[in-house]
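In: sequence-free structure coming up:
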Ligand code: AMP
């Protein structure tokens with residue numbers, strides 16, 4: 001069975017074709033600058049040369065057609081006919097309060113994705129276009145929506161309510177939703193399996209630390225809290241996002257700079273975080289290089305990032321009344337031994353110790369806690385595409 005995984009952004013489309021018999025990636029690629037001049041497809045078939053094609057892509061429908069052409073190309077292709085694709089799994093950002101699991105797309109599902117446009121204005125419209133483009137190009141082949149918010153729907157009310165007038169929750173569904181759910185579901189499940197934890201009696205904290213970052217608290221496989229909120233802006237300090245701050249900062253900047261609320265929130269999303277504090281980059285590697293060269297702002301940016309992660313781990317250990325395992329994942333979480341060490345250095349009060357040699361391992365599942373550690377610490381590489389493909393396979 002071959003599953004196509006599609007992740008549509010506002011002007012991009014990432015894809016992977018996965019053979020579920022062995023979970024091998026047959027081809028993956030990216031369409032960039034959709035709807036903008038200079039659209040480009042990069043197609044990477046396993047074991048063959050890379051195909052790069054600059055071609056007009058006025059919309060996602062055209063992009064989907066080009067992807068299907070590349071997959072069937074006589075030279076660069078990996079299938080001879082689209083009918084070899086059993087189903088398409090779509091990463092969809094926001095399902096609001098409606099779905100706590102992935103679901104086969106029908107008209108009701110599309111209505112829900114549309115009703116959440118306000119909650120995910122950049123992603124949900126693109127996600128829906130991607131779904132409809134696949135329906136048009138591959139009639140009869142099922143589409144499955146895998147939502148970023150779904151895993152967090154098990155949060156209790158006390159964790160998802162904002163302390164604002166209740167009428168806003170009732171009228172507009174303003175509450176905390178959480179994101180990166182596919183990754184948190186995949187990694188927390190793998191932590192329980194890999195760490196041989198009791199699935200019915202386990203407390204896990206997953207630290208998804210990438211360009212975007214979020215932390216979740218998972219009891220018996222179910223999410224009870226997570227750091228992102230109504231939008232992905234809440235929580236950790238990220239590459240370009242501020243994470244938690246006093247909402248009055250928005251009003252203050254707006255007044256001082258003569259900007260409106262939308263402009264200030266845009267700054268908090270795109271020009272803040274480690275980029276904003278360091279003034280160097282949103283990429284952790286660049287900021288760490290500057291830090292080593294003695295750049296003080298780069299140093300504060302990294303220190304503040306680590307401090308915020310450590311505070312969230314502490315608050316989730318308190319919320320769960322204990323923690324059995326802490327797992328690092330995503331770009332920084334999987335690769336950066338120094339950041340992991342700094343975070344763990346805050347966790348002595350939990351009885352966390354680190355095995356320095358194991359902490360150097362990259363690219364594989366590994367326990368990095370010391371033999372005497374009271375809490376297990378793991379690296380579990382995330383694989384959102386594979387998680388989407390597995391959920392799609394299970395549903396069809
Ligand atoms: P992601 O959003 O999960 O792709 O993560 C992107 C972030 O991971 C970037 O800030 C990178 O600097 C960071 N990252 C990726 N690879 C490494 C690495 N080998 N060492 C340190 N940071 C890394």
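Out: Right, received. Where do you want to start? Please read all numbers here as calculations on a predicted model, not as lab measurements.

In: What is the helix or strand harbouring residue 255 packed up against?
Out: Per DSSP states H and E, residue 255 falls inside helix 248-257. Under the contact definition 3 or more C-beta pairs under 8 Å, 6 or more residues apart in numbering; DSSP states H and E, helix 248-257 sits against helix 261-270. To be clear about C-beta, it is placed using only N, CA and C from the backbone, and glycine gets the same treatment.

In: do the next helix or strand after the helix it packs on and the ligand meet?
Out: Following helix 261-270 in sequence order, the next helix or strand is helix 273-278 (DSSP H and E). No. Figure legend: helix 273-278 not in contact with the ligand (C-beta under 6 Å from any ligand atom); closest approach 8.0 Å.

In: helices or strands up against helix 273-278?
Out: Under the contact criterion of 3+ C-beta pairs under 8 Å, 6+ apart, helix 273-278 touches helix 284-292, helix 296-319.

In: right, and the ones you listed - which one's nearest the ligand?
Out: The ligand lies closest, by C-beta to the nearest ligand atom, to one member of the helices and strands packed on helix 273-278: helix 284-292, at 3.7 Å.

In: Remind me what the helix or strand where residue 4 lies packs against, helices and strands.
Out: Under the criterion of DSSP H and E, residue 4 resides in strand 2-8. When contacts are defined as 3+ C-beta pairs under 8 Å, 6+ apart, strand 2-8 packs onto strand 13-19, helix 60-72, strand 85-92, helix 124-137, helix 384-395.

In: And the shortest one, how far out from the chain middle?
Out: The chain centroid and the centroid of strand 13-19 are separated by 16 Å under C-alpha atoms, centre = their mean, to the nearest Å.

In: Parallel or antiparallel, list what pairs with that strand.
Out: With DSSP bridges as the test, strand 13-19 is paired with strand 2-8 (antiparallel), strand 24-32 (antiparallel).

In: returning to what we had before: return the set of buried residues in the strand holding residue 4.
Out: Across strand 2-8, burial judged by 16 or more other C-beta atoms under 10 Å covers 2, 3, 4, 5, 6, 7, 8.

In: How about stretch 23-30?
Out: For stretch 23-30, burial by neighbour count (16+ other C-beta under 10 Å) applies to 25, 26, 27, 28, 29, 30.

In: Distance of residue 280 relative to the ligand?
Out: Distance, residue 280 to the ligand, by C-beta to the nearest ligand atom, to the nearest Å: 12 Å.

In: what's the neighbour count on the closest residue to that residue other than its chain neighbours?
Out: Computed as C-beta to C-beta, 6 or more residues apart in numbering, the closest residue to residue 280 that is not its neighbour in sequence is residue 290, at 4.6 Å. Using other C-beta atoms under 10 Å, residue 290 has 20 other residues around it.
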